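In: The following block contains a protein sequence and its predicted model.
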Amino acid sequence: MTIPNHYQAIVIGSGQGGNPLCGALAQAGLRTALIERSHIGGTCVNEGCTPTKTMLASGRVAYLARRGKEYGVQTGDIRIDMQRVRQRKRDIVDSFRNGSQKRLEKTANLDLIFGEASFMGPKNVSVRLKDGAQRTFSADRIFINAGARPSVPKLEGLPVVPFLDSTSIMELDCVPEHLLVLGGGYVGLEFAQLFRRLGSRVTIVHSREQLLVGEDADVAEEVLAILKQDGIEVTLKARAERVVKSGGGIQLTVRAGQEPRIVQGSHLLTATGRTPNTDSLNVGAAGIATNERGFIKVNTKLETNVEGIYALGDINGGPAFTHISYDDFRILRTNLIAKGSATTENRFVPYTLFIDPQLGRVGMTEEQARAQNKKIRVAKMPMTYVARALEVDETRGFMKAIVDAESKQILGAAVLGIEGGEIMTMLQLAMMGHLPFTALREATFAHPTLAESLNNLFTHFS
C-alpha cells in the first residue's frame, strides 16, 4: 500500500522545465507531486517572457504611430493608457497560467500542491501550505525547478527608497516621468526602450565599459547608437553610489570618472541580475552543493551531488532562458523515462534580446572565436542593404556571421535588425544541419523577404 505522503517523484516549481516534467513523469505511471509556491508557469509566463513581450508590443505600436507621417499616414495625438496596457498584459498572463493549471489538474497520477517547500533531508520535503498548515512529503526522486528572482543591489539608501524591479515595473498604472535604470543587460535595455516609447524620459546607468557584456564590441556599440537615437541617455563606466528620496522623486548619485553627479528621476528600476531561490529551500539539509552565488551545482545530466536529486532551469546556474529550461526537461525525460543518454554538452544556446530592432544571437562571438585561435572569416552587412528592410523603413542594425575559414561551417551569428531573432534562427538551422555558408549564399529564397538577406550577407566578408 502506498503511504499517502510518499511519491515516486516530487517536482518543486512549475516553471518551463518543471511544468512539462511533472506531466511526463505522471504519464509514465509515476505517482508525482508538483509543489508550487505562488503561480503556475514560473518566471516566463508570469514575470518574464509573456508579460514583457506583451507590453513591448504596445511600445512598438506607439513607436509606429508616431512615425506614421514618414509612411504618409497622418495620426492624431498619441496618448498612452497605461492601465489598458497593463490589463492587456494581465489578461494574456492569466490565460497562459490558467490554461497550464487546468491541464495539470486533469493529469492522472499528479497532485498539485500550493505551498512553500524546504528540504528536511535528501528525500524529505516540508511544505507550508497556503492556509499556514505544514505537511511533509518524501520521494524517490526530487526535481528542483524553483528558479530565480530579481537581485537587489547593494546601494546606499536603497532600503528606504521605493524602487522597481522587473516584476513590479509591469504593474505601474501610469507612465514614469523620468525612469532611471540601473543595469545595461537584457532586462534593463528592454524596459528602457519600452518606457521611452511610452513617453518616459529614460537614463541608463551601467557600470561596465559596454552594454551587453559578453557581446562583441561592434554589436554593443550599435545597440548603444540605436538607444541614443531613440532618445535614451546612457552613462557607461558609471557606479551608482547612493540614492535618496527627493520630494516626490528619486535622487541618484552616480560616479563616472572623478566627479560624482546627481541624476534626478521619478522612478528607479534595478536590473542588475537575478538571485537563485535556493535560500528558502534549505538545500543544505539535503546536502545539496551550491556555488558561491547560491546556484545548485549539476553535472551534464542535471544531477546534483545527491543521488536522486536533480536541478533544472535557472536555479542550476545555466543560461537563464526559457528554452534552455525546457531543454533541461527534455534531457531528464530522455534519460529517466526513455532510458536514453542526453546531456547539456554542446547544445545550442540561441537567444533574442527584444529591443527593437531585435538582437538574435547564436553560437560563438567573433571575440570568442579569436580567443580560441580559430581561423575565421567574418561576414558583416548593414540592414540598409536588405531590400525588405528598406521597403518597410526598418533599416537600423546589421547582420554578422562568423565562419570557419577551412570547413566553411557557420560558427556563430549576431543579427541586429528587424526580426533579428527569426533570421538568426535560419542561421541556427544551417548550423544544426552542418550546411556550409555557401549553401545559404547560393540558395533561392523568396523575394522580397528578410530571409533572402542571407544570400547577400555571405558576399560581404571583411
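Out: Alright, I've got the coordinates.
In: Buried residues of stretch 435-448, list them for me.
Out: Buried residues in stretch 435-448, defined by neighbour count with 16 or more other CB atoms under 10 Å: 435-437, 440. C-beta: built from backbone N, CA, C; applies to glycine.
In: repeat for stretch 319-334
Out: 320-333.
In: give the contact list for R239.
Out: When the contact criterion is CB atoms under 8 Å, 6 or more residues apart in numbering, the partners of R239 are 207, 254-256.
In: Out of the buried residues of stretch 319-334, which is nearest to R347?
Out: D327 (6.4 Å; CB to CB).
In: Count the neighbours of G249 for me.
Out: For G249, the number of neighbouring residues by other CB atoms under 10 Å comes to 16.
In: same thing with K154?
Out: K154 has 7 neighbours, counted by other CB under 10 Å.
In: same thing with S100?
Out: The local packing count at S100 equals 19, with neighbours defined by other CB under 10 Å.
In: Am I right that it is in a helix?
Out: Yes: under DSSP: H, G, I helix; E, B strand; the rest coil, S100 falls within a helix.
In: Assign a three-state SS to S126, would you?
Out: strand.
In: Would you confirm that D328 contacts L312?
Out: Yes: with contact defined as CB atoms under 8 Å, D328 and L312 form a contacting pair (3.6 Å).
In: Report the set of residues contacting both of the two.
Out: Common neighbours of D328 and L312 are listed as 17, 302 (criterion: CB under 8 Å, 6+ apart).
In: Show me what the worst-scoring helix or strand of the chain on mean pLDDT is packed against.
Out: Ranked by mean pLDDT, DSSP states H and E, the weakest helix or strand in the chain is helix 42-46, scoring a mean of 91. For helix 42-46, the packing partners by 3 or more CB pairs under 8 Å, 6 or more residues apart in numbering; DSSP states H and E come out as helix 82-105, helix 322-332.
In: and that helix, how far from the chain's centre?
Out: When C-alpha coordinates are averaged (CA atoms, centre = their mean, to the nearest Å), helix 42-46 and its chain have centres 10 Å apart.
In: Need the residues that contact it.
Out: Judged by CB under 8 Å, 6+ apart, the contacts made with helix 42-46 from elsewhere in the structure are 13-16, 18-19, 38-39, 48, 50, 93, 96-97, 100, 145, 147-148, 313-314, 322, 325.
In: If we use 7 Å, what do you get?
Out: Identification of contacts with helix 42-46 by CB atoms under 7 Å, 6 or more residues apart in numbering yields 13-16, 39, 50, 93, 96-97, 147, 322.
In: Kindly report the same for stretch 410-426.
Out: With CB under 7 Å, 6+ apart as the contact definition, stretch 410-426 has outside contacts at 216, 219, 222-223, 350, 352, 357-365, 369, 376, 383, 389, 394, 397-404, 427, 430-431, 437, 450-451, 453-454.
In: Pull out the buried residues from it.
Out: Along stretch 410-426, these residues count as buried under the neighbour rule (16+ other CB under 10 Å): 410-421, 423-426.
In: State the mean pLDDT of that stretch.
Out: Mean pLDDT, computed over stretch 410-426, is 98.
In: chain center to the helix or strand where I423 lies, what's the gap?
Out: Assigning secondary structure by DSSP states H and E places I423 in helix 420-432. Helix 420-432 has its average C-alpha position 18 Å from the chain's average C-alpha position, going by CA atoms, centre = their mean.
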